[in-house]
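>>> Pasting the sequence and the predicted model now:
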Protein chains: 2
Amino acid sequence: MLSLKSFFSKKKTDTFSQKIHQVIGFKPKNIELYKEALTHKSFYRNKSYSANYERLEFLGDSVLGCIVSEYLFHSAPNQQEGYLTQMRSKLVSRKKLNKISKELHLIDLIRKDKESSLGENIHGNILESLIGAIYLDYGTKECKNFIHKNILNKENLENLENQISSYKGMIIEHSQKHKINISFETSEEKNAQNHTVFVSILKLNGNKISKGRELSKKKAEEIAAKRAFYSLKIPQND
Amino acid sequence: MLSLKSFFSKKKTDTFSQKIHQVIGFKPKNIELYKEALTHKSFYRNKSYSANYERLEFLGDSVLGCIVSEYLFHSAPNQQEGYLTQMRSKLVSRKKLNKISKELHLIDLIRKDKESSLGENIHGNILESLIGAIYLDYGTKECKNFIHKNILNKENLENLENQISSYKGMIIEHSQKHKINISFETSEEKNAQNHTVFVSILKLNGNKISKGRELSKKKAEEIAAKRAFYSLKIPQND
């Protein structure tokens, strides 16, 4: 027969497991991993070091980076490395991970010293440690599903791309700020079907950086600007 | 019957495939991936952009980071996140990847414009792009095997740890360089078996950072220094 104490401690464990189940969408197998993922070091105040979320955060951060990279590699087959790098850093920015973690109410599950205040980035950190725990508990496939469902849904990627309204505008702004001499040299050509096409060559300090070819002058310049933007790796909030 | 031209072009393809087979230890399934991984953009000089190693390098870099993180997580179960992060950056440093790539003679397989000189880091970059290609061609398991065999063999990790001869020395050097006031306060205690043990408390600018407990004063200080070193994330070449 269960003692009153073990009855309560069992009930408490079940509740934690059920809450994790609700968040991740499947039943945790090794609940200890999730406890570790959701324990702050302040929980062990005045005790010698014991398991907190930081090691799993280290792992989860890498797993997340890898899964997001693979997703971008396949979703943007015509984009160069610079574009993929920028999109990845947008998809897994501290701000975004903090926001997603808050939507999942992960902070309500954390074990910590009552008096410790943990700062804003704890939210994203424990989302990453949770990803580390899922990866070790269920492997790549379920972890990928969790990340796709919560971080990589299509709306997010489209939103990110839509944030860029004009690459030409950003390139000009960047060049003015950094005193770089920029020019678009656009000429008309005939294509194989004898239609007029516009070819825009973007030069920075006289050096050719990129080229765009399109049916309107505006589009050709925008393509040249986009290619330069990603090959020069210009930060968007430059 | 094969024409002379197609006979030679077939032979050339086979040779590339055989060379890749020799490097990775198994037969490539999708040879196009490996061609992409080993093509420099200069190969397409005066042509519009086409597939070069950079996208696969983006993917391979992430895959490598993930597999190395998982390896460290399991190999060093008692080490904190700071230690794991430092060891990872040592294991996959540019210098180390360049060296391994040279040992595999990857540069001999690259397609590029003859006149282009590619710089030192091309070696590590195409090792990463090759990892990206293996990951897409064979999945996680074979990719893990390749990385374990070529990058994570035990000797490497031991070497890395052995590079650190004295954490106390490094902490002192760091504190002198950055004008930080550092002290080791070491006292004697009796343990449960009534033996004398030494407890060393490391303070930085008067704040307790870490503690070491051991059977000699020197060892206690070294443990305190090691804990501080990794929790403060001091770079080794600081």
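Perfect, thanks for sending it. Numbers count the residues shown, from 1 in each chain, chains lettered A, B, ... in the order given.

>>> After the helix or strand of chain A with the lowest mean pLDDT, which helix or strand is next? Please name it.
The weakest-scoring helix or strand in chain A, judged by mean pLDDT, DSSP states H and E, is helix A:154-162 (a mean of 64). The helix or strand immediately downstream of helix A:154-162 is helix A:167-177, counting by DSSP states H and E.

>>> hmm, that next one in reach of chain B?
No. Interface with chain B: helix A:167-177 contributes nothing (C-beta under 8 Å from any C-beta of the partner chain), its closest point being 15.9 Å away. Every C-beta, even on glycine, is put in place using the N, C-alpha and C of the backbone.

>>> for stretch A:75-83, same thing?
Yes. For stretch A:75-83, a contact with chain B is found by C-beta under 8 Å from any C-beta, at A:80-81.

>>> how about stretch A:179-191: buried residues?
For stretch A:179-191, the neighbour count (16 or more other C-beta atoms under 10 Å in any protein chain shown) marks A:182, A:184, A:186 as buried.

>>> among the residues you listed, which are in strands?
Judged by DSSP state E, strands contain the following of the buried residues of stretch A:179-191: A:182, A:184, A:186.

>>> Now flag whichever of the residues you listed is closest to chain B.
Chain B lies nearest to residue A:186 out of those, by C-beta to the nearest C-beta, at 17.2 Å.

>>> how far away is the residue nearest to the closest one when sequence neighbours are not counted from residue A:208?
Leaving aside its sequence neighbours, residue A:186 sits nearest to residue A:200 (C-beta to C-beta, 6 or more residues apart in numbering or on different chains; 4.2 Å). Separation of residue A:200 from residue A:208 (C-beta to C-beta, to the nearest Å): 11 Å.

>>> More neighbours: those two, which one.
residue A:200 (23 against 12; other C-beta atoms under 10 Å in any protein chain shown).

>>> can you pull the contacts of the more buried one?
A:184-186, A:211-214, A:217, A:220-221, A:223-224 (C-beta atoms under 8 Å, 6 or more residues apart in numbering or on different chains).

>>> out of the residues you listed, which are buried?
Among the contacts of residue A:200, those classed as buried by 16+ other C-beta under 10 Å are A:184, A:186, A:211-214, A:217, A:220-221, A:223-224.

>>> Next up, phi/psi of the residue sitting nearest the centre point of chain A, please.
Closest to where the C-alpha atoms of chain A average out (C-alpha atoms, centre = their mean) is residue A:92, at 1.8 Å. Torsion angles at residue A:92 (phi, psi; degrees, to the nearest 10) stand at phi -120, psi 30.

>>> Burial check on residue A:102, number of neighbours?
With other C-beta under 10 Å as criterion, residue A:102 counts 14.

>>> That one touches residue A:122, doesn't it?
No. Here residue A:102 does not reach residue A:122: they are 10.5 Å apart, not a contact under C-beta atoms under 8 Å.

>>> So which bits of stretch A:66-74 are buried?
So stretch A:66-74, judged by 16+ other C-beta under 10 Å, has buried residues A:66-73.

>>> so where do the strands sit in chain A?
A:182-190, A:196-204, A:207-214.

>>> so what strands line up beside the last one?
What that stands for is strand A:207-214. Within its sheet, and counting by DSSP bridges, strand A:207-214 is paired with strand A:196-204 (antiparallel).

>>> Could you check the angle the strand it pairs with makes with helix A:167-177?
Relative orientation of strand A:196-204 versus helix A:167-177 (axes from the mean of the first three to the mean of the last three C-alpha atoms, to 10 degrees): 20 degrees.

>>> can you list the residues of chain A near chain B?
So chain A meets chain B at A:49, A:54-55, A:57-59, A:61-63, A:65-66, A:68-70, A:73, A:80-81, A:84-85, A:132, A:135, A:140, A:227 (C-beta under 8 Å from any C-beta).

>>> Could you rerun that using 6 Å?
Residues of chain A lying close to chain B (C-beta under 6 Å from any C-beta of the partner chain) are A:54-55, A:58-59, A:62-63, A:65-66, A:69, A:73, A:81, A:84.

>>> Tabulate these (JSON lines), appending pLDDT and distance to residue B:16.
Below are those laid out as JSON lines (pLDDT from 0 to 100; distance: C-beta to C-beta, whole Å):
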{"residue": "A:54", "pLDDT": "94", "distance to residue B:16": "45"}
{"residue": "A:55", "pLDDT": "96", "distance to residue B:16": "42"}
{"residue": "A:58", "pLDDT": "97", "distance to residue B:16": "38"}
{"residue": "A:59", "pLDDT": "98", "distance to residue B:16": "36"}
{"residue": "A:62", "pLDDT": "98", "distance to residue B:16": "32"}
{"residue": "A:63", "pLDDT": "98", "distance to residue B:16": "33"}
{"residue": "A:65", "pLDDT": "97", "distance to residue B:16": "31"}
{"residue": "A:66", "pLDDT": "98", "distance to residue B:16": "28"}
{"residue": "A:69", "pLDDT": "97", "distance to residue B:16": "26"}
{"residue": "A:73", "pLDDT": "96", "distance to residue B:16": "23"}
{"residue": "A:81", "pLDDT": "88", "distance to residue B:16": "23"}
{"residue": "A:84", "pLDDT": "89", "distance to residue B:16": "26"}
